[in-house]
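J.: 3D model of this:
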Amino acid sequence: MLFSDPWLLAVDKPAGLLSQPGLGPEQVDAVAGRLVARWGSLHLVHRLDRDTSGLLLLARDAASHRALSLAFAERRVEKTYLADVLGNPGAAGRIERPLRRASRRPPRYRVDPAGRPSRTDWHRLEAHPGWSRLELRPLTGRSHQLRVHLAWLGHPLLGDPLYGNARSRGLASRLRLHAARLAFDHPVSGARIELCSGAPLAFGPGW
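T.: Have a look, this model is predicted:
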């Protein structure tokens, strides 16, 4: 638990845990289900892929959920991710490529001129032999956006089973993507809230 008040909860989701339940008994275990016994009914404000770790925001009432969902839709929430990628893409850049669903099972997306506009800004934090650590700032919030954009750039995320290649998958045992920061206006007080989770940096390149 990273933050709690009468309207909001923010948790540090581990990799491998679903944000919400999926289809089938093997996909029942999810964040909200683990929290409901203590906190009661909760509403996911946004989602993280199962294999992505880090900050996940939940609302404790319907009004807060509506207000925060609108803030995400209107791009008034600042989102920052940490990612380890194959190779060295340079010091900084911007990826503006539209994304479209490529398949449903498993869910996959691709860069497609007919897709939805998508933008990811990035800059390099560290450079290592064979891989780099980036800070990613998605302006839009499309499904799999960061993973698809970096793969399109030629620098797939390490450990990515869907969009990586043999080399990038061989350098990590899990997807190296972490939701590190959220900044937004509180839906009730209007105060600026900034939440951070820098856990992977403490673990070094093997997180």
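
J.: help me confirm that residue 63 is found in a helix?
T.: Yes. Applying DSSP: H, G, I helix; E, B strand; the rest coil, one finds residue 63 inside a helix.

J.: identify the residues contacting it.
T.: residue 187 (Cβ atoms under 8 Å, 6 or more residues apart in numbering). Quick note: C-beta positions are derived from backbone N, CA and C, even for glycine.

J.: now it: how far from residue 115?
T.: According to Cβ to Cβ, to the nearest Å, residue 63 stands 33 Å off from residue 115.

J.: nearest residue to residue 132 in space, please, no chain neighbours.
T.: Nearest residue to residue 132, sequence neighbours excluded (Cβ to Cβ, 6 or more residues apart in numbering): residue 88, at 5.0 Å.

J.: what is the burial count for that neighbour?
T.: Residue 88 has 14 neighbours, counted by other Cβ atoms under 10 Å.

J.: mind checking pLDDT for residue 74?
T.: Looking at residue 74, its pLDDT is 96.

J.: what separation do you get for it and residue 56?
T.: Distance, residue 74 to residue 56, using Cβ to Cβ: 20 Å.

J.: of the two, who's got more company?
T.: Ranked by neighbour count (other Cβ under 10 Å), residue 74 and residue 56 place residue 56 first, with 24 against 8.

J.: given the helix or strand hosting the more buried one, what are its sheet partners and their directions?
T.: For residue 56, the host element (DSSP states H and E) is strand 53-59. Applying DSSP bridges to the sheet, strand 53-59 is found paired with strand 8-13 (antiparallel), strand 43-44 (antiparallel), strand 177-185 (parallel).

J.: mind putting the ones you listed in CSV, mean pLDDT included?
T.: Formatted as CSV, those follow (pLDDT from 0 to 100):
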stretch, mean pLDDT
strand 8-13, 95
strand 43-44, 94
strand 177-185, 97
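
J.: can you put these in JSON lines and add mean neighbour count?
T.: Listed next are these as JSON lines, based on neighbours: other Cβ atoms under 10 Å:
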{"stretch": "strand 8-13", "mean neighbour count": "21"}
{"stretch": "strand 43-44", "mean neighbour count": "17"}
{"stretch": "strand 177-185", "mean neighbour count": "21"}
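
J.: okay if I get those as JSON lines plus distance to residue 119?
T.: Supplementary listing: the strands paired with strand 53-59 in JSON lines, determined by distance: least, Cβ to Cβ, whole Å:
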{"stretch": "strand 8-13", "distance to residue 119": "24"}
{"stretch": "strand 43-44", "distance to residue 119": "23"}
{"stretch": "strand 177-185", "distance to residue 119": "17"}
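
J.: between those, which gets nearest to residue 31?
T.: Evaluated over the strands paired with strand 53-59, closeness to residue 31 peaks at strand 8-13, with 5.8 Å, by Cβ to Cβ.

J.: list the buried ones in whichever helix or strand comes after the closest one?
T.: Proceeding N to C from strand 8-13, the next assigned helix or strand is helix 31-39, under DSSP H and E. For helix 31-39, the neighbour count (16 or more other Cβ atoms under 10 Å) marks 31, 32, 35 as buried.
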